[in-house]
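Chemist: The sequence and its predicted three-dimensional model are supplied below.
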Amino acid sequence: DAGVIQSPRHEVTEMGQEVTLRCKPISGHNSLFWYRQTMMRGLELLIYFNNNVPIDDSGMPEDRFSAKMPNASFSTLKIQPSEPRDSAVYFCASSLPGASYEQYFGPGTRLTVT
Amino acid sequence: AQSVTQLGSHVSVSEGALVLLRCNYSSSVPPYLFWYVQYPNQGLQLLLKYTSAATLVKGINGFEAEFKKSETSFHLTKPSAHMSDAAEYFCAVSDPGVSNKLIFGTGTLLAVQP
């Protein structure tokens, strides 16, 4: 399997622009997680989905952030409008149903907002 | 609520020396426990996991961890450090039956000196 795929790997944008991060989970995995990692705040869970349904979005920082999972093989995390403080590495992870909860991480998207 | 504490944000060892990274969790029921490793500019990779089977768990790259219920600990060890072990290590815990999200510790950055 190719593992969790994220695109783009790097994104540089100007403040106020819309940013869309993409994730393809491992085939057959039914849970998908979006994380943000910064030096100051470490690894934070933003939102997760089970069977394409958002279960817990309490980690989403504010209304500028939104996430969707239209089908089992694709998810997006959108930031509109972006701000410099959104600069971070964003990870997507997926896990198997009924398994021991281990998550498989993608390589991440490094977002820089200038 | 579940929580996990990693003692020591930075640990430095000499090549060939014992590696000991500490992790304590809070849980009223036996959780599932994980160690992940993150190499520079990469996503998190599962090192090993405890899911209520053997208390001594062996993982990849010569690492192992022991689940000690009485101490609520899950420390990670490796008898002899290698330069390639330099990375950040995260302990994580889940609540089986509550949700399939993982609670991550703040991470320990391991440096290996020649």
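Modeler: Arrived safely.
Chemist: how far out from the middle of the chain is stretch A:48-67?
Modeler: On the basis of CA atoms, centre = their mean, to the nearest Å, stretch A:48-67 sits 9 Å off its chain's mean C-alpha point.
Chemist: do stretch B:73-80 as well
Modeler: Taking CA atoms, centre = their mean, one finds stretch B:73-80 lying 8 Å from the centre of the chain it belongs to.
Chemist: Now do that stretch: everything it contacts.
Modeler: Contacts with stretch B:73-80, where a contact means CB atoms under 8 Å, 6 or more residues apart in numbering or on different chains, come from B:16-25, B:33, B:35, B:47-48, B:50, B:61-68, B:85, B:89, B:91. From N, CA and C alone the C-beta is placed, and that goes for glycine too.
Chemist: Would you mark the buried spots in it?
Modeler: Neighbour-count burial for stretch B:73-80 flags B:Ser73, B:Phe74, B:His75, B:Leu76, B:Lys78 (criterion: 16 or more other CB atoms under 10 Å in any protein chain shown).
Chemist: for stretch A:36-52, same thing?
Modeler: By neighbour count on 16+ other CB under 10 Å, the buried set for stretch A:36-52 is A:Arg36, A:Gln37, A:Gly42, A:Leu43, A:Leu45, A:Leu46, A:Ile47, A:Tyr48, A:Phe49, A:Asn50.
Chemist: residues touching the residue lying closest to the last one once chain neighbours are set aside, list them.
Modeler: On the basis of CB to CB, 6 or more residues apart in numbering or on different chains, the spatially nearest residue to A:Asn50 that is not a chain neighbour turns out to be A:Ser31, at 5.2 Å. With contacts defined as CB under 8 Å, 6+ apart, A:Ser31 is in contact with A:Tyr48, A:Phe49, A:Asn50, A:Ser94, A:Ser95, A:Leu96, A:Pro97, A:Gln103, B:Asn100.
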